[in-house]
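J.: this is the structure alone, sequence omitted:
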(Lines give C-alpha, C1' and ligand atoms only; values in the text may rest on other atoms or scores of the structure.)
Protein backbone atom coordinates (compact mmCIF):
# COMPACT_ATOMS: atom_id res chain seq x y z
CA UNK A 1 0.00 0.00 0.00
CA UNK A 2 1.27 3.43 -0.92
CA UNK A 3 1.80 6.00 1.83
CA UNK A 4 -1.06 8.37 0.80
CA UNK A 5 -3.51 5.90 -0.71
CA UNK A 6 -7.10 6.86 0.06
CA UNK A 7 -6.20 10.47 0.92
CA UNK A 8 -7.08 13.66 -0.94
CA UNK A 9 -4.69 16.61 -1.27
CA UNK A 10 -5.51 20.09 -2.56
CA UNK A 11 -2.32 21.63 -3.91
CA UNK A 12 -2.04 25.34 -4.70
CA UNK A 13 0.55 26.35 -7.28
CA UNK A 14 0.32 22.87 -8.82
CA UNK A 15 1.14 24.17 -12.31
CA UNK A 16 4.86 24.68 -11.72
CA UNK A 17 7.78 24.60 -9.32
CA UNK A 18 7.38 23.18 -5.84
CA UNK A 19 3.60 22.85 -6.15
CA UNK A 20 3.97 20.72 -9.27
CA UNK A 21 6.66 18.58 -7.65
CA UNK A 22 4.51 18.01 -4.55
CA UNK A 23 1.44 17.18 -6.65
CA UNK A 24 3.34 14.63 -8.73
CA UNK A 25 4.98 13.11 -5.63
CA UNK A 26 1.64 12.72 -3.87
CA UNK A 27 0.10 11.21 -6.99
CA UNK A 28 2.98 8.74 -7.14
CA UNK A 29 2.33 7.86 -3.49
CA UNK A 30 -1.34 7.08 -4.15
CA UNK A 31 -3.11 10.33 -3.21
CA UNK A 32 -5.98 11.84 -5.14
CA UNK A 33 -4.86 15.36 -6.06
CA UNK A 34 -6.90 18.47 -6.76
CA UNK A 35 -4.59 21.10 -8.25
CA UNK A 36 -5.11 24.87 -8.25
CA UNK A 37 -3.00 27.43 -10.08
CA UNK A 38 -3.26 30.92 -11.55
CA UNK A 39 -1.85 29.61 -14.83
CA UNK A 40 -4.56 27.40 -16.30
CA UNK A 41 -2.39 26.28 -19.23
CA UNK A 42 0.45 25.12 -16.97
CA UNK A 43 -2.02 23.33 -14.73
CA UNK A 44 -3.63 21.59 -17.71
CA UNK A 45 -0.16 20.41 -18.79
CA UNK A 46 0.48 18.89 -15.35
CA UNK A 47 -2.95 17.22 -15.45
CA UNK A 48 -2.11 15.75 -18.87
CA UNK A 49 1.25 14.53 -17.56
CA UNK A 50 -0.37 12.94 -14.51
CA UNK A 51 -3.18 11.28 -16.47
CA UNK A 52 -6.31 9.96 -14.78
CA UNK A 53 -4.77 10.18 -11.32
CA UNK A 54 -5.17 13.97 -11.28
CA UNK A 55 -8.73 14.29 -9.94
CA UNK A 56 -9.37 17.89 -10.94
CA UNK A 57 -7.59 21.05 -11.87
CA UNK A 58 -8.92 24.53 -11.22
CA UNK A 59 -7.51 27.77 -12.56
CA UNK A 60 -7.63 30.27 -9.71
CA UNK A 61 -8.65 33.02 -12.13
CA UNK A 62 -12.10 31.39 -12.15
CA UNK A 63 -12.30 32.09 -8.44
CA UNK A 64 -11.32 35.71 -9.01
CA UNK A 65 -14.06 36.05 -11.63
CA UNK A 66 -16.54 34.82 -9.02
CA UNK A 67 -15.83 37.83 -6.83
CA UNK A 68 -12.77 36.38 -5.12
CA UNK A 69 -14.68 33.88 -3.02
CA UNK A 70 -13.74 30.26 -2.74
CA UNK A 71 -16.69 27.89 -3.01
CA UNK A 72 -16.05 26.58 0.51
CA UNK A 73 -15.22 29.89 2.16
CA UNK A 74 -15.62 29.86 5.92
CA UNK A 75 -14.26 27.81 8.76
CA UNK A 76 -12.31 24.76 7.78
CA UNK A 77 -12.91 21.28 9.10
CA UNK A 78 -10.16 21.82 11.69
CA UNK A 79 -11.42 25.22 12.83
CA UNK A 80 -9.06 27.22 10.63
CA UNK A 81 -9.44 30.93 10.04
CA UNK A 82 -11.66 32.26 7.29
CA UNK A 83 -9.69 32.94 4.15
CA UNK A 84 -10.53 35.11 1.21
CA UNK A 85 -8.84 35.26 -2.16
CA UNK A 86 -8.30 38.72 -3.61
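T.: Thanks, I have it. Source: prediction; values computed, not measured. Numbering: from 1, shown residues only.
J.: mind checking what helix or strand follows whichever helix or strand residue 19 is part of in sequence?
T.: Using DSSP states H and E, residue 19 sits within helix 17-28. Where DSSP H and E defines the elements, the next helix or strand beyond helix 17-28 is strand 32-37.
J.: what is that following strand packed up against?
T.: Counting contacts by 3 or more Cβ pairs under 8 Å, 6 or more residues apart in numbering; DSSP states H and E, strand 32-37 packs against strand 8-12, helix 17-28, helix 40-50, strand 54-59. The C-beta positions use only the backbone N, C-alpha and C, and glycine is treated the same way.
J.: any chance of those in CSV, plus mean neighbour count, mean pLDDT and distance to residue 2?
T.: Formatted as CSV, the helices and strands packed on strand 32-37 follow (neighbours: other Cβ atoms under 10 Å; pLDDT from 0 to 100; distance: least, Cβ to Cβ, whole Å):
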stretch, mean neighbour count, mean pLDDT, distance to residue 2
strand 8-12, 17, 89, 13
helix 17-28, 18, 95, 8
helix 40-50, 17, 88, 15
strand 54-59, 18, 74, 16
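J.: ok, residue 34 touching residue 11?
T.: Yes. Look at residue 34 against residue 11 with Cβ atoms under 8 Å: they come within range, at 7.2 Å.
J.: contacting residues for residue 41?
T.: The contact partners of residue 41, taken as Cβ atoms under 8 Å, 6 or more residues apart in numbering, are residue 15.
J.: state the distance from it to residue 3.
T.: 30 Å (Cβ to Cβ, to the nearest Å).
J.: how many neighbours does residue 33 have?
T.: Residue 33 is flanked by 25 other residues according to other Cβ atoms under 10 Å.
J.: ok, now residue 1?
T.: 6.
J.: not counting its neighbours along the chain, what's nearest it?
T.: Of all residues not flanking residue 1 in the chain, residue 30 sits nearest, at 7.5 Å (Cβ to Cβ, 6 or more residues apart in numbering).
J.: any idea how far the one you found lies from residue 52?
T.: Noted for residue 30: a distance of 13 Å to residue 52, by Cβ to Cβ.
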